[in-house]
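Student: I would like the atomic coordinates for the input below:
(one chain, ligands or ions: 1)
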Amino acid sequence: MSTILVTGGTGYIGSHTVVELMREGMEVVIVDNLSNSNLEVLDGIEAIAGKRPHFEEMDLRERDATYRVFEKYAGVDAIIHFAAFKAVGESVEKPLAYYENNLLSLIHLLEAMDRYGVDHMVFSSSCTVYGEPDSLPVTEDSPIKKATSPYGNTKQICEEILQDSQASSPGKGLISLRYFNPIGAHPSAMIGELPSGVPNNLIPFITQTAIGIREQLSVFGDDYNTPDGSAIRDYINVVDLARAHVKAIRRLLEKRQKQAYEVFNLGTGRGLSVFEVIRAFEKVTGQPLNFRVVDRREGDVEQVYADTTYANTELGWKAEIGIEETLLSAWDWEKYIRSKS
Ligand code: UD1
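Tutor: The predicted structure is shown next:
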């Protein structure tokens, strides 16, 4: 049985991935400092997977504490590294905290891999590395643009660190997964996204508006050069996304990589505008959403969606869950968490 160390495993994408790994019979050790998640997530995981993952509360900024986890769980076969700060706006306010957290944690894990003989890592990257693309859809070979935020820059630098680290140590197999816009929740509604405070992202803002916590959704701009004027993104279901991690882990463990450092886009290949998302949400929930158009949000790109050919053919993965089912899962999750509080 393979043992996978999942950093940030109580977070949004991490928790869904832990469930999929456990369903495949893998042993999971979660490390998380609970800075943006809580221990109740473990109950949700256990309820779905029928088993509780190992859990260590620790901060990857501390090298010795990181090493201690590898000593305690000898025999880790691979790491999936989700743990990172991810709020674009906050990263502009606190750039040093973002560089410290996101870079140091990766460096400590790579050092631990050398020290404890762990050869494989999957890293959470983002389509933010493509910036405003020159042509669509974006392939893995599309140019990396200057990052528009410290958060985006940490993803670019982390990818470079991985590439350089792999080049210096040929035994390592590393994969960066570039997520487009992950949304939705597990169909059981037992795990999902838990934004703290006012959400920055579109879907949690929509569900919180629909349930009455927010008065109105602001649509950031209707004067983009798109068919309906609102910005276009590639919204990918979080369970689909989680399953791609299982594929990536298997590819590493079975040594099927074409190159020792690889990059995959994870999206649906289909772009949806903000207005299209709102309409789809209204359709599946049957209730009108209160929204108004405001100015564009600084730093937003006009449109970005993935060319998924490489992930389809090489990883053997394809997004399967449609937008309506996905929005319904986000809505079910919103209703579930509000019923508890
Ligand atoms: C951003 C980041 C991405 C990061 C992700 C997760 C960039 C360019 N993108 O994605 O790297 O991984 O957050 O935190 O840095 N919108 C509204 N009203 C709202 C909220 C959003 O109209 O209240 C619109 C946005 O303008 C955008 C779309 O909805 O067009 C999606 O926004 P959001 O969910 O915040 O994701 P991104 O900005 O695409």
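Student: elements contacting the top helix by length along the chain?
Tutor: When the chain is scanned for its longest helix (criterion: DSSP state H), the result is helix 95-116. On a contact count with 3 or more C-beta pairs under 8 Å, 6 or more residues apart in numbering; DSSP states H and E, helix 95-116 meets helix 63-72, strand 78-81, strand 120-126, helix 150-168. Just so you know, the C-beta spots here come from the backbone N, C-alpha and C atoms, and that holds for glycine as well.
Student: tell me what the third one is packed against?
Tutor: Think strand 120-126. Against strand 120-126 (3+ C-beta pairs under 8 Å, 6+ apart) you get strand 78-81, helix 95-116, helix 150-168, strand 173-179, helix 238-253.
Student: can you tell me which of the ones you listed is most buried?
Tutor: Each of these was scored by mean neighbour count; the highest is strand 78-81, a mean of 26, by mean count of other C-beta atoms under 10 Å.
Student: how much space separates residue 48 from residue 192?
Tutor: Distance of residue 48 to residue 192, computed by C-beta to C-beta, to the nearest Å: 11 Å.
Student: who's more crowded, these two?
Tutor: The residue with more neighbours, out of residue 48 and residue 192, is residue 192; 24 against 20, by other C-beta atoms under 10 Å.
Student: need the contact list for the more buried one.
Tutor: Neighbouring residues of residue 192 by C-beta atoms under 8 Å, 6 or more residues apart in numbering: 12, 184-186, 329-330, 333-334, 336-337.
Student: double-check residue 206 against residue 280; I have them as touching.
Tutor: No: the pair residue 206 / residue 280 is not scored as a contact, 10.1 Å apart, by C-beta atoms under 8 Å.
Student: who has more neighbours out of those two?
Tutor: Higher neighbour count among residue 206 and residue 280: residue 206, with 26 against 18, using other C-beta under 10 Å.
Student: within range of the ligand, give me the residues from this protein.
Tutor: Proximity of the chain to the ligand (C-beta under 6 Å from any ligand atom) is limited to residues 86, 88, 126, 128, 149, 152, 181, 200-202, 205, 217-220, 231, 233, 274, 297, 300-301.
Student: make it 8 Å
Tutor: Taking C-beta under 8 Å from any ligand atom as the contact definition, the chain meets the ligand at 86-88, 126-128, 131, 148-149, 151-152, 155, 179, 181-183, 199-203, 205-206, 217-221, 230-233, 274, 277, 296-297, 299-301, 304.
Student: what subset of these is buried?
Tutor: Neighbour-count burial (16 or more other C-beta atoms under 10 Å) is assigned, among those, to 86-88, 126-128, 131, 148-149, 151-152, 155, 179, 181-183, 199, 202-203, 205-206, 217, 219-221, 230-233, 274, 277, 301, 304.
Student: in helices only, show me the residues you listed.
Tutor: Judged by DSSP H, helices contain the following of these: 88, 151-152, 155, 202-203, 205-206, 274, 277.
Student: skipping adjacent residues, who's closest to residue 58 in space?
Tutor: Nearest in space to residue 58, with sequence neighbours left out and distances taken as C-beta to C-beta, 6 or more residues apart in numbering, is residue 65 at 4.8 Å.
Student: lovely, talk soon.
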